[in-house]
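with the sequence up front, the predicted model follows.
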Amino acid sequence: MDDNRGSSLGTVTDEELLQAQAELWNHVFAYTKSMSLRCAVELGIPEAVHRRGGSAPVSDLIADLCLPPSRAPYLRRLMRLLAHAEPDAAYGLTLLSRLLVSAPGAGQGLSPFALAMLHPIVVSPSMSLASWFRAADGTGEARVAFAALWAVAKEDREFGAAFNDAMACDGRFVMDLIVRGDRGAGDLFRGLTSLVDVGGGSGSAAKAIAAAFPHVNAASWRLELPHVVASVPPGDGGVEFVAGDMFEHVPKADAVLLKWILHGWGDEECVRILRRCREAISTREAGGRVIVMDLVVGSCPADARATETQLLWDVMMMGVVGSPERDEREWSKIFDDAGFSGYKILPLLGIRSVIEVYP
Ligand SMILES: C[S@@+](CC[C@H](N)C(=O)[O-])C[C@H]1O[C@@H](n2cnc3c(N)ncnc32)[C@H](O)[C@@H]1O
């Protein structure tokens with residue numbers, strides 16, 4: 001194993017690299033915390049917590065603030081992020097509500113200051129989580145609005161190129177760790193004779209797997225949307241591209257890789273994708289499995305900073321794409337609903353995990 005990355009840094013271990021990546025995300029998504037605080041203030045949460053004597057379960061907040069009941073799981077996520085930084089979540093919220101509602105001498109507290117300083121223009125252009133929370137129950141229009149924002153961003157050529165670069169860069173980063181196998185991840189692809197990388201993007205992950213594991217190389221595909229396939233030169237990286245839609249059909253193979261796919265979709269869509277994957281893979285006895293690379297919220301309980309990064313991702317995904325990250329219980333439910341018989345979570349990628357899901 002060659003652990004020495006770059007002479008100026010001396011020896012950098014895989015663990016440190018993963019920590020550095022999490023730290024980078026903490027900075028990148030720092031605005032998510034401000035966005036969440038603004039949302040809480042706009043919704044009147046500090047006042048509601050204050051009226052309830054300093055603490056209130058989410059169900060009470062939903063009722064007190066007349067928010068649609070369907071928003072309860074999302075409000076729980078928002079409060080989870082806001083409360084996380086405090087050693088004692090309830091105490092932290094009490095303090096926050098005191099500060100914002102009744103700071104001594106401030107008369108009306110500091111809410112107006114927080115609102116001004118956390119104005120959407122400062123925090124995040126054209127995005128108001130609070131209006132999403134207030135949106136009428138069951139309409140889903142806010143999700144559509146966020147999805148539309150996301151789509152506009154993706155249509156922006158500069159953003160599109162940056163997004164694709166980011167994905168390709170992550171594919172190389174993760175696969176380098178896995179392929180070198182220092183963390184026991186090398187076993188993931190052992191024994192497989194074929195693999196489909198569903199939503200494989202630029203293909204950096206599939207290419208790394210094909211190069212490192214020639215037995216998989218014999219029959220590997222990347223399934224991508226037709227316009228993505230059309231944009232890639234033929235013969236790129238020795239991994240064949242297949243144009244298609246993962247909701248309709250996944251080509252047959254021993255295993256399917258879903259790297260950073262499912263966290264972008266709601267539960268129903270995930271179950272549909274996973275059903276197609278289940279139809280595609282070999283039996284469990286023959287080594288068939290779906291390899292999910294995604295975040296399992298709560299997978300690093302002893303590391304408060306890592307957990308914070310997970311919660312930032314959670315609220316960021318909830319706000320931008322409308323689909324939050326999942327904890328183990330939530331993952332387990334969608335695997336069950338898609339007809340899988342079991343799964344194993346391997347916390348191999350820092351704040352992200354590899355989940356092997358068995359037919
Ligand atoms: C977040 S990117 C992940 C890319 C890659 N797996 C990675 O981790 O770098 C999601 C990918 O899914 C692809 N995708 C979206 N909808 C799809 C569909 N219905 N069928 C196949 N691929 C799809 C997108 O084109 C995009 O490349």
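Noted; the coordinates are in hand. Residues are numbered from 1 along each chain as shown.

please list the residues of this protein that sit near the ligand.
Selection of the chain residues close to the ligand by C-beta under 6 Å from any ligand atom yields 167, 170-171, 199-201, 205, 223-225, 228, 245-247, 259-261, 264. For glycine as for every other residue, the C-beta is placed from the backbone atoms N, C-alpha and C.

surely Asp60 meets Arg51?
No - in this structure, Asp60 is not within contact of Arg51 by C-beta atoms under 8 Å, at 9.8 Å.

ok, the closest residue to Leu18 other than its chain neighbours - contacts?
Distances taken as C-beta to C-beta, 6 or more residues apart in numbering place Gly350 nearest to Leu18, at 3.2 Å, with adjacent residues excluded. The neighbours of Gly350, taking C-beta atoms under 8 Å, 6 or more residues apart in numbering as the test, are Leu18, Gln19, Gln21, Ala22, Ala306.

contact partners for the residue of the chain found nearest the ligand?
Nearest to the ligand in the chain, going by C-beta to the nearest ligand atom, is Gly199, at a distance of 2.9 Å. Gly199 is in contact with Leu223, Glu224, Met246, Leu258, Lys259, Ile261, counting by C-beta under 8 Å, 6+ apart.

now intersect those with the strands, please.
Leu223, Glu224, Leu258, Lys259 (DSSP state E).

domain parsing for the chain?
Following automatic domain parsing, one finds the domains of the chain at 14-98, 115-358.

any chance of these in CSV, plus mean pLDDT?
As requested, the domains of the chain are arranged in CSV below (pLDDT from 0 to 100):
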stretch, mean pLDDT
domain 14-98, 82
domain 115-358, 81
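
state the pLDDT value of the nearest residue to Thr283 once chain neighbours are set aside.
The spatially closest residue to Thr283, leaving aside those adjacent along the chain, is Pro359, at 6.3 Å (C-beta to C-beta, 6+ apart). On pLDDT, Pro359 comes in at 97.

tell me, how many residues neighbour Pro359?
By other C-beta atoms under 10 Å, the residues close to Pro359 number 20.

distance check, it against Pro68.
As defined by C-beta to C-beta, to the nearest Å, Pro359 lies at a distance of 37 Å from Pro68.

with Arg80 instead?
Arg80 sits 19 Å away from Pro68, going by C-beta to C-beta.

which secondary structure elements does the strand or helix carrying Val292 sit against?
Element membership for Val292 (DSSP states H and E) is strand 289-297. Secondary-structure packing of strand 289-297 (3 or more C-beta pairs under 8 Å, 6 or more residues apart in numbering; DSSP states H and E): strand 255-259, helix 267-280, helix 304-320, strand 326-327, helix 328-337, strand 342-349, strand 352-358.

now do the longest one against strand 289-297, angle only.
Angle of helix 304-320 versus strand 289-297, following axes from the mean of the first three to the mean of the last three C-alpha atoms, to 10 degrees, is 100 degrees.
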